[in-house]
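# pasting the structure only:
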């Protein structure tokens, strides 16, 4: 099996290099392409993407690249649309033409964040911002163009590599006696490592059971607020590293309105992942397990 991975150096892409390698020949690209610049990994270059798929003839395309700067997307909607909608559409058309599977990642931001129940795959969409609208447009384009597709919607993604919410909280907690963190947005922190492992498992099954194609929700189980997430991180850090110097004494909970941003965020980012677990025979762990593993690694 030959796999083309785009976005190899992102949080999920980095873990995918590990999880996909045992499945077959892996060609992993970032925006710069390959060493000889014969292959294109830049989502802005639609012709280059199309040519790369036709040249490689992969069995599976995994697109882990996207425009993920949610606030910046408000001021550059054309670029967000190119990366999140037009490029996936081109990849889907090329996948159909070459007989490849297309694996793509989407987001809870396709929903409006209302209500209190976790979102199911068939729930009515209603994105609040440019990022969500362009990601939803990408989903629709893939579904229209390529029957052999797997779209995994996820949320609150983190990884040990690079910056993340936990690292930010630990840095600020070492500098300040009081922190204020939003408590009216709810979701499940979901590790890039988990997403990558589920992807590899799903690809193996889809090759045998193409009828399992479609859109699935992938998030760790349980839910918390950003404030609860921060509290868990600080308590875990104190337990793992009793010698760690943290200046913070007060962790205040505040509403989203205390931190105005260019893009509106959904209040309810909880995703119902039962369909994914049932169809692919998986057990998704509680969000605390993954965060604790990540903290153990970075501390």
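Looks like it arrived, so ask away. On a predicted model such as this, the values are computed, not experimentally measured, just so you know.
# mind listing what's buried in stretch 40-51?
40-43, 45-46, 48-50 (16 or more other CB atoms under 10 Å). From N, CA and C alone the C-beta is placed, and that goes for glycine too.
# residues making contact with it?
6-8, 29-34, 52, 65-66, 79, 82-83, 86-87, 90-91, 93-94 (CB atoms under 8 Å, 6 or more residues apart in numbering).
# repeat that for 10 Å
With contact meaning CB atoms under 10 Å, 6 or more residues apart in numbering, stretch 40-51 is reached by 4-9, 13, 27-34, 37-39, 52-53, 55, 61, 63, 65-67, 79, 82-84, 86-91, 93-94, 97.
# Which single one of the buried residues of stretch 40-51 is nearest to residue 141?
residue 46 (12.2 Å; CB to CB).
# hmm, back to that, the contacts of stretch 40-51 in helices, which ones?
Mapping the contacts of stretch 40-51 onto helices (DSSP state H) picks out 13, 52-53, 55, 79, 87-91, 93-94, 97.
# what sits against residue 183?
Neighbours of residue 183 in contact, by CB under 10 Å, 6+ apart: 224-231, 251-256, 258.
# try 6 Å
225, 227, 253 (CB atoms under 6 Å, 6 or more residues apart in numbering).
# With residue 271 instead?
Per CB under 6 Å, 6+ apart, neighbours of residue 271: 108, 118-119, 155, 217, 219.
# so what's it bridging to?
residue 119 (DSSP bridges).
# Contact partners for residue 81?
residue 134.
# Against residue 232, how distant is it?
36 Å (CB to CB, to the nearest Å).
# which intervals of this protein have sub-threshold pLDDT?
35 (pLDDT under 70).
# so where do the strands sit in it?
Secondary structure of the chain (DSSP state E): strands located at 2-6, 25-29, 60-63, 101-107, 149-154, 157-158, 178-182, 186-187, 190-191, 214-217, 224-225, 250-254.
# Kindly reformat those strands as TSV containing mean neighbour count and distance to residue 130.
As requested, the strands of the chain are exported to TSV (neighbours: other CB atoms under 10 Å; distance: least, CB to CB, whole Å):
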stretch	mean neighbour count	distance to residue 130
strand 2-6	24	21
strand 25-29	19	26
strand 60-63	26	19
strand 101-107	26	12
strand 149-154	23	17
strand 157-158	21	19
strand 178-182	17	21
strand 186-187	23	20
strand 190-191	26	22
strand 214-217	20	21
strand 224-225	19	24
strand 250-254	14	25
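# Would you reformat the ones you listed as a markdown table and include distance to residue 292?
Putting these into a markdown table (distance: least, CB to CB, whole Å) gives the following:
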| stretch | distance to residue 292 |
| --- | --- |
| strand 2-6 | 28 |
| strand 25-29 | 29 |
| strand 60-63 | 27 |
| strand 101-107 | 24 |
| strand 149-154 | 19 |
| strand 157-158 | 12 |
| strand 178-182 | 19 |
| strand 186-187 | 17 |
| strand 190-191 | 10 |
| strand 214-217 | 23 |
| strand 224-225 | 13 |
| strand 250-254 | 18 |
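# To residue 203, which of those lies closest?
strand 60-63 (5.8 Å).
# Tell me the strands beside that closest one, with direction?
Counting by DSSP bridges, strand 60-63 is paired with strand 2-6 (parallel), strand 101-107 (parallel).
# What lies in contact with the first one?
When you say that, I think you mean strand 2-6. 16, 20, 25-29, 41, 56, 58-63, 65.
# Quick check, residue 256 in contact with residue 182.
Yes. Residue 256 lies in contact with residue 182 (CB atoms under 6 Å); the separation is 5.4 Å.
# now the contacts of residue 271 in JSON lines, with distance to residue 126?
Shown next, in JSON lines, are these (distance: CB to CB, whole Å):
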{"residue": "108", "distance to residue 126": "12"}
{"residue": "118", "distance to residue 126": "16"}
{"residue": "119", "distance to residue 126": "11"}
{"residue": "155", "distance to residue 126": "16"}
{"residue": "217", "distance to residue 126": "16"}
{"residue": "219", "distance to residue 126": "19"}
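# quick one on the thing from earlier: to residue 137, which of the strands of the chain lies closest?
Of all the strands of the chain, strand 101-107 comes closest under CB to CB, at 10.4 Å.
# now the closest one and helix 87-98, what's the angle there?
Angle of strand 101-107 versus helix 87-98, following axes from the mean of the first three to the mean of the last three CA atoms, to 10 degrees, is 160 degrees.
# related to what we said a few turns ago, as JSON lines, the ones in helices among the contacts of stretch 40-51 with distance to residue 286 and neighbour count would be great.
Below are those laid out as JSON lines (distance: CB to CB, whole Å; neighbours: other CB atoms under 10 Å):
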{"residue": "13", "distance to residue 286": "25", "neighbour count": "25"}
{"residue": "52", "distance to residue 286": "39", "neighbour count": "25"}
{"residue": "53", "distance to residue 286": "38", "neighbour count": "24"}
{"residue": "55", "distance to residue 286": "43", "neighbour count": "12"}
{"residue": "79", "distance to residue 286": "36", "neighbour count": "17"}
{"residue": "87", "distance to residue 286": "34", "neighbour count": "25"}
{"residue": "88", "distance to residue 286": "31", "neighbour count": "31"}
{"residue": "89", "distance to residue 286": "36", "neighbour count": "18"}
{"residue": "90", "distance to residue 286": "38", "neighbour count": "20"}
{"residue": "91", "distance to residue 286": "33", "neighbour count": "31"}
{"residue": "93", "distance to residue 286": "39", "neighbour count": "18"}
{"residue": "94", "distance to residue 286": "38", "neighbour count": "24"}
{"residue": "97", "distance to residue 286": "42", "neighbour count": "13"}
